[in-house]
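Visitor: Kindly generate the corresponding structure for this input.
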Amino acid sequence: MAVRKSRGFTLIELLVVIAIIAVLMAILMPALNRVREQGMRASCLSNVKQLTLAWLLYAYENDDRIVNASTFFSRPGEPAWIGSQWQFDGTEQQRRENLKDGILYPYCKDVDIFKCPTGIRGEVLTYAIVDAMNGATSIPGTEDLMIKRLNQIRRPGERFVFIDEGKISPDSWTVFYDQESWWDLPTVRHGDGTNFSFADGHSDYWKWKDPRTVRLAKMTISENAQPGNQDLHAVQKAAWGKLGYTPSD
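Guide: Below is the predicted model of the structure:
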């Protein structure tokens, strides 16, 4: 009886299989990356929402007074949301302990909530409170716009509290009020946009529409003044409640 010999793949067949696998990977990887990013974006949205609920709980228990948003501006009777002894050159563990010294930690006892899941190794804090919510007081024209108590906030569903700033910072995040210009840079933590939370407790992802916003966030341009930028107008309104100038067309 003749013995049937098994036939292996030829080199051409192997190359064809490899090529097909490569094509499939090229098709699937962007979709998988999008799914992964959407998962991290959702986790980040949950983080800023939880921080905002902690922010609200503190105010409810303290006669509507809100926390100090900036550890760089110590004010008597206004404890900061994170510990005031922030060390940029400290160890990761020291910074994590510093988060626990903040007034909001007892309301959300998990230091991982303070960091976006897209954060780089060593980061423990990527979120900031916007200046208008009892932050730095040096922004021109905003003396009468600073929020100290919850009952000062009109339309809380339209007013920012937290932003995914995308870097290690204990300071509050700001944008100009009286001119068409960014102060702190916009961020593109998630695709071409970032996450915000609002004073009514909800969080939302804002995707930037003006290409200048994205280019500035990625630091491929340095023009902070951006007349006619609808992203800038929307952020300024959500931060300060209104615009302090007449916007360009």
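Visitor: so how far is stretch 55-74 off the chain centroid?
Guide: 19 Å (Cα atoms, centre = their mean, to the nearest Å).
Visitor: Going by neighbour count, which residues in that stretch are buried?
Guide: For stretch 55-74, a neighbour-count test (16 or more other Cβ atoms under 10 Å) marks 55-56, 58-59, 65-71, 73 as buried. The way it works is simple: take the backbone N, C-alpha and C, and place the C-beta from them, glycine included.
Visitor: quick check, nearest of the residues you listed to residue 222?
Guide: Taking Cβ to Cβ as the measure, residue 222 sits nearest to residue 70 out of those, at 24.8 Å.
Visitor: which residue ranges form the helices in this protein?
Guide: 11-60, 92-100, 211-217, 230-240 (DSSP state H).
Visitor: List the contacts of the shortest one.
Guide: If I follow you right, that is helix 211-217. With contact meaning Cβ atoms under 8 Å, 6 or more residues apart in numbering, helix 211-217 is reached by 182, 185-188, 192, 208, 221-224, 226, 229, 231-232.
Visitor: In the beta-sheet assignment, what are the partners of the residue nearest the centre of the chain?
Guide: Nearest residue to the geometric centre of the chain (Cα atoms, centre = their mean): residue 164, 0.9 Å. With beta bridges defined as DSSP bridges, residue 164 has these partners: residue 127.
Visitor: Could you count how many residues lie near residue 79?
Guide: Neighbour count for residue 79, taken as other Cβ atoms under 10 Å: 20.
Visitor: same check, this time on residue 96
Guide: By the criterion of other Cβ under 10 Å, residue 96 has 16 neighbours.
Visitor: wait, what's in contact with the residue nearest to the centre of the chain?
Guide: When contacts are counted by Cβ under 8 Å, 6+ apart, residue 164 touches 44, 48, 116, 126-127, 187, 189-190, 194-196.
Visitor: ok, now which ones touch the residue lying closest to residue 193 once chain neighbours are set aside?
Guide: Distances taken as Cβ to Cβ, 6 or more residues apart in numbering put residue 207 closest to residue 193, at 3.7 Å, once the chain neighbours are dropped. Applying Cβ under 8 Å, 6+ apart to residue 207 gives the contacts 191-193.
Visitor: Can you tell me which of these comes closest to residue 158?
Guide: Closest to residue 158 out of these is residue 193 (17.7 Å), distances taken as Cβ to Cβ.
Visitor: Is that closest one in contact with residue 204, as I believe?
Guide: No. Counting by Cβ atoms under 8 Å, residue 193 does not reach residue 204; the two are 10.0 Å apart.
Visitor: List only those of the contacts of helix 211-217 flagged as buried.
Guide: Buried, going by 16+ other Cβ under 10 Å: 182, 185-188, 208, 224, 226, 229, 231-232, out of the contacts of helix 211-217.
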